[in-house]
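Asker: Curious how this folds, go ahead:
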Amino acid sequence: MSQAENKTINVAIIGVGNCASSLIQGIYYYGAERPQDASGLMHEDLGGYRPTDIRIAAAFDIDERKVGKDVSEAIFARPNCTEIFQANIPTMGVTVQMGHILDGYSDHMAGYPDDRRFLPLEAPEATKEEVVKTLKDANVDVMMNYLPVGSQKATEFYAECALEAGVAFVNNIPVFIASNPVWAKRFKDAGLPIIGDDIKAQLGATIVHRILTDLFAKRGVALDRTYQLNTGGNTDFLNMKNQARLESKKTSKTEAVQSVAANRLEDENIHVGPSDYVAWQNDNKVCFLRMEGRLFGDVPMNIELRLSVEDSPNSAGVAIDTIRCAKLALDRGMAGIIEGPSAFFCKHPPVQYTDDQARLMTEAFIAGEKFHAVEGGASGKAEAVAS
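Answerer: Prediction:
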């Protein structure tokens, strides 16, 4: 494919937290002076775009330690606690603006030390008109939603802003926008692409759980019950101590696993979701996974696995591709759900495919080729085949 004509991708960041920090560090880490043995990218070149073609053009947050600062400084401000793998970030000339709060943070966090919780700035909140003007003035191409889990109203607010400003939307959190037919239609009608929902880490708990569940199905092993227990010490885990904010997260993670199982498990036989906040873990996420099944002759077996990852770089390894896929879709005049990247990069896409199929669809999308869905194919589920 020919190199992309417009080599700059202007991005707006909603929520300058750990995930945004890792993404921005990565843009510079994979620059001209990158280490010779640098690894970790799924695509060095994606449709003619490289990581260094991504430019942060606007950013919004509500924390008094970030609002008013240059993005290069705000990404290292507390309560951010992710690993710093690229400390040399030049001044970007982009100031973090006050956002619109709504349900963008949980009141229970007020009971934690200042270096652990949000400190909402007591200042006028941005109006929709102000956000839209910022997006237009900055010529933003893609909006990245990094709000905390449970931010339903706040996410809908920024999705409205993206629609009005003519900006592609990547929904990294488990608030259902791309997988909501009403919202998906609104983006399609507006002629704008959307990728979502709920970003799937590069090599995290959900993708490992999915691959193993799919392996059980392909090898004829009956999966009887499974759990995935996760602990972490970042503000994402702290936010999720409020159980009322967890419903969509548990739905997203559970469905990601159920969708590749040979047979759906009864609710009492599957538990997938965040489990507890352990402050000293900081941005390290630990997953404890157990799967129980039956082999030939109904002979029992089980797998136990412990996975430890730095949570936010794990997310950024995927985000850097979703941005470029969204820009490719804009370049091609595509609107609505971008099916392959949504299925490959997200836990709760509008249509679930196996990861092998979703990868083929994504590679076809990048190459400008077409795959389409076949309902009830050989597996009895949605399948992707070349057009």
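
Asker: switch to C-alpha atoms for all contacts and neighbour counts from now on
Answerer: Noted.

Asker: Quick check: closest non-adjacent residue to residue 104.
Answerer: Among residues not flanking residue 104 along the chain, residue 151 sits closest, at 4.9 Å (C-alpha to C-alpha, 6 or more residues apart in numbering).

Asker: ok, that neighbour to residue 190 distance?
Answerer: When C-alpha to C-alpha, to the nearest Å is applied, the distance between residue 151 and residue 190 equals 23 Å.

Asker: And residue 158, by the same measure?
Answerer: Taking C-alpha to C-alpha, one finds residue 158 at 15 Å from residue 190.

Asker: need the contact list for residue 80.
Answerer: 17, 18, 21, 234, 235 (C-alpha atoms under 8 Å, 6 or more residues apart in numbering).

Asker: Which pLDDT value belongs to it?
Answerer: In this model, residue 80 is scored at 98, pLDDT.

Asker: name the element it belongs to?
Answerer: Counting by DSSP states H and E, there is no helix or strand that carries residue 80.

Asker: neighbour count winner among residue 151 and residue 190?
Answerer: Using other C-alpha atoms under 10 Å as the criterion, residue 151 and residue 190 rank with residue 151 on top: 21 against 15.

Asker: what stretches of the stretch 251-387 of the chain score poorly on pLDDT?
Answerer: Low-confidence segments of the stretch 251-387 of the chain (pLDDT under 70): 372-387.

Asker: re earlier: kindly indicate which of the contacts of residue 80 lies nearest residue 186.
Answerer: Of all the contacts of residue 80, residue 17 has the smallest distance to residue 186: 28.1 Å, by C-alpha to C-alpha.

Asker: Pull the number of nearby residues for the closest one.
Answerer: Around residue 17 there are 28 other residues, counting by other C-alpha under 10 Å.

Asker: Leaving out chain neighbours, which residue sits closest to it?
Answerer: Here the residue nearest residue 17, using C-alpha to C-alpha, 6+ apart, is residue 80, at 5.8 Å.

Asker: go on, residue 292?
Answerer: Closest residue in space to residue 292, ignoring its immediate chain neighbours: residue 302 at 4.3 Å, by C-alpha to C-alpha, 6+ apart.

Asker: CA atoms of the strand or helix carrying the one you found as PDB?
Answerer: Per DSSP H and E: residue 302 is located in strand 300-310. These are the backbone C-alpha positions of strand 300-310, laid out as PDB (Å, rounded to 0.1, in the frame of the first residue of the first chain):
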ATOM      1  CA  PRO A 300     -10.400 -34.300  34.600                       C
ATOM      2  CA  MET A 301      -7.600 -31.800  34.100                       C
ATOM      3  CA  ASN A 302      -6.900 -28.200  35.200                       C
ATOM      4  CA  ILE A 303      -4.600 -25.300  34.400                       C
ATOM      5  CA  GLU A 304      -3.400 -22.700  36.900                       C
ATOM      6  CA  LEU A 305      -1.500 -19.700  35.600                       C
ATOM      7  CA  ARG A 306      -0.100 -16.500  37.200                       C
ATOM      8  CA  LEU A 307       0.600 -13.600  34.800                       C
ATOM      9  CA  SER A 308       2.300 -10.400  36.000                       C
ATOM     10  CA  VAL A 309       2.400  -7.300  33.600                       C
ATOM     11  CA  GLU A 310       2.800  -3.600  33.800                       C
END
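
Asker: just for the stretch 1-150 of the chain, where's the confidence low?
Answerer: Where the stretch 1-150 of the chain drops into low confidence, which here means pLDDT under 70, it does so at 1-6.

Asker: Which stretches in the stretch 101-250 of the chain count as strands?
Answerer: Under the criterion DSSP state E, counting those that start in this stretch, the stretch 101-250 of the chain carries strands at the ranges 142-145, 168-171, 193-195, 222-232.

Asker: and those, which is most packed in?
Answerer: When those are scored by mean count of other C-alpha atoms under 10 Å, the highest mean neighbour count falls to strand 193-195 (a mean of 31).

Asker: so the residue of the chain positioned farthest from its centre, which of the three states?
Answerer: Among residues of the chain, the one most distant from the C-alpha centroid is residue 297; the distance is 40.8 Å, by C-alpha atoms, centre = their mean. Secondary structure, DSSP: H, G, I helix; E, B strand; the rest coil: residue 297 is helix.

Asker: still on that earlier bit, so who does the residue nearest to residue 292 touch?
Answerer: For residue 302, counting by C-alpha under 8 Å, 6+ apart, the contacting residues are 290, 291, 292, 293.

Asker: what are the bridge partners for the last one, then?
Answerer: In this case it means residue 293. Judged by DSSP bridges, the bridge partners of residue 293 are residue 223, residue 301.

Asker: Any idea how many residues pack against it?
Answerer: 17.

Asker: What is the nearest of the contacts of residue 80 to residue 333?
Answerer: residue 21 (30.0 Å).

Asker: ok, so what distance separates residue 287 from residue 206?
Answerer: Relative to residue 206, residue 287 is positioned 9 Å away (criterion: C-alpha to C-alpha).
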